[in-house]
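K.L.:
Predicted coordinates and the sequence they were generated for:
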Amino acid sequence: MKKRLGCFGTVVLCFVLFAAGTTGCTMLKTEGEFQETVQINAQNVPDGTYYADLLVKLPKKDKLRVPDTGLRLDGADITEDSEIFRYDTDHYVSASLHYGYADSFSFPEKQEPEAVRTVLQLRGNTAENRFSKGKQFLRIPSFRIAYVSQDGKVLGVTGSAAANPCMTPLYGIPFEADGSAARYSYISGSKANPAGILLLAELFLFAVLALPLYAVISAIRKHRETKAMIAQIQQNAAQDEETSQSDD
């Protein structure tokens with residue numbers, strides 16, 4: 001029994017080492033430089049709204065939550081005393097001001113009638129930000145949209161943006177805000193974690209192939225051991241019988 005448990009432990013250890021190696025290699029291959037465009041389109045905004053800002057939910061100690069990105073929207077008078085700069089409710093903060101990947105924040109060349117549009121450009125290297133919840137933009141736990149005045153006052157905030165996966169190609173990641181509601185669209189599958197998928201696949205294969213195979217091998221070994229034991233008992237009985245006949 002102990003021998004079989006030892007063999008099973010060896011099999012499990014080999015699998016763990018193999019899975020760790022393949023998962024780690026996959027993670028390293030998917031890391032690197034990236035660039036992304038976030039488009040924010042807001043309508044039915046509060047009076048006095050100058051621009052719409054994206055709020056990202058990141059813990060205070062997250063390495064991608066920075067004190068100040070240095071970005072300022074043209075025409076907006078934003079200082080460290082501005083409400084949007086100091087905004088921190090339920091760990092939501094301004095992406096343009098405090099998200100480490102924020103590279104530029106601007107108005108698009110063409111504005112739609114009765115709507116407020118802004119464009120946030122993201123740029124960075126995911127290999128430098130391991131263990132951050134903001135390492136992959138689409139895996140940030142939650143987003144909201146803030147309506148901001150020209151002097152940085154927060155005039156309103158939407159609820160958490162609903163995720164809308166799409167099968168068709170998209171330019172960037174569009175966010176739509178309408179009053180208190182918000183949503184964002186992304187290409188289906190772009191949120192997937194390749195390393196996690198690989199690990200699940202390996203666990204599945206281990207469950208459907210390795211475990212049954214080990215059970216079959218164990219059954220065969222047990223059968224052979226039982227057969228050998230019976231043969232040994234029969235041989236010992238024959239020898240005892242021969243010895244008994246010789247004594248007579």
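P.N.:
Thanks, I have the structure now.

K.L.:
in this protein, what spans have low per-residue confidence?
P.N.:
Scanning the chain for pLDDT under 70 picks out the ranges 1-30, 190-223, 231, 234, 236-248.

K.L.:
cutoff 50 now
P.N.:
Counting by pLDDT under 50, the chain contains low-confidence ranges at 17-21, 23-29, 195-199.

K.L.:
where along it do the helices fall?
P.N.:
2-29, 83-86, 95-98, 194-205, 211-247 (DSSP state H).

K.L.:
Against which helices or strands is the third one packed?
P.N.:
Under the contact criterion of 3 or more C-beta pairs under 8 Å, 6 or more residues apart in numbering; DSSP states H and E, the helices and strands touching helix 95-98 comprise strand 51-57, strand 102-106. All C-beta atoms are positioned from the backbone trio N, CA, C, and that covers glycine.

K.L.:
For Gln35, find the nearest of those.
P.N.:
Closest of those to Gln35 is strand 102-106, at 7.8 Å (criterion: C-beta to C-beta).

K.L.:
Parallel or antiparallel, which strands does the closest one pair with?
P.N.:
Take DSSP bridges as the rule and strand 102-106 pairs in its sheet with strand 116-125 (antiparallel).

K.L.:
what about stretch 142-151, how long is it end to end?
P.N.:
26 Å (C-alpha to C-alpha, to the nearest Å).

K.L.:
burial count for Pro67?
P.N.:
The number of residues packed around Pro67, counting by other C-beta atoms under 10 Å, is 9.

K.L.:
Ignoring the adjacent residues along the chain, who's closest to it?
P.N.:
His98 (7.3 Å; C-beta to C-beta, 6 or more residues apart in numbering).

K.L.:
With His91 instead?
P.N.:
Lys57 (5.2 Å).

K.L.:
Could you report the separation of the nearest residue to Thr49 once chain neighbours are set aside from Thr79?
P.N.:
Among residues not flanking Thr49 along the chain, Tyr147 sits closest, at 4.5 Å (C-beta to C-beta, 6+ apart). Distance of Tyr147 to Thr79, computed by C-beta to C-beta, to the nearest Å: 19 Å.

K.L.:
Which one's more surrounded, the two?
P.N.:
Tyr147 (25 against 10).

K.L.:
Who does the more buried one form a beta bridge with?
P.N.:
Beta-bridge partners recorded for Tyr147 (DSSP bridges): Ala52, Gly156.

K.L.:
now Ala162
P.N.:
So, taking DSSP bridges as the rule, Ala162 has Arg183 as bridge partners.

K.L.:
Report the contact partners of it.
P.N.:
Ala181, Ala182, Arg183, Tyr184 (C-beta atoms under 8 Å, 6 or more residues apart in numbering).

K.L.:
go on, Pro113?
P.N.:
Contacts of Pro113 by C-beta under 8 Å, 6+ apart: none found.

K.L.:
Distance check, it against Gln43.
P.N.:
The value you get for Pro113 to Gln43, if C-beta to C-beta is used, is 10 Å.

K.L.:
got it, and Tyr99?
P.N.:
24 Å.

K.L.:
Name the residue in these two with the higher neighbour count.
P.N.:
Tyr99 (27 against 15).

K.L.:
partner residues bridging the more buried one?
P.N.:
What pairs with Tyr99, by the bridge criterion (DSSP bridges), is Arg65.

K.L.:
Quick check, it in contact with Gly134.
P.N.:
Yes - under the criterion of C-beta atoms under 8 Å, Tyr99 makes contact with Gly134 at 6.4 Å.

K.L.:
List the residues that contact the residue nearest to Thr49.
P.N.:
Counting by C-beta under 8 Å, 6+ apart, Tyr147 has contacts Ala42, Val45, Pro46, Thr49, Ala52, Val116, Val154, Leu155, Gly156, Val157, Ala177.
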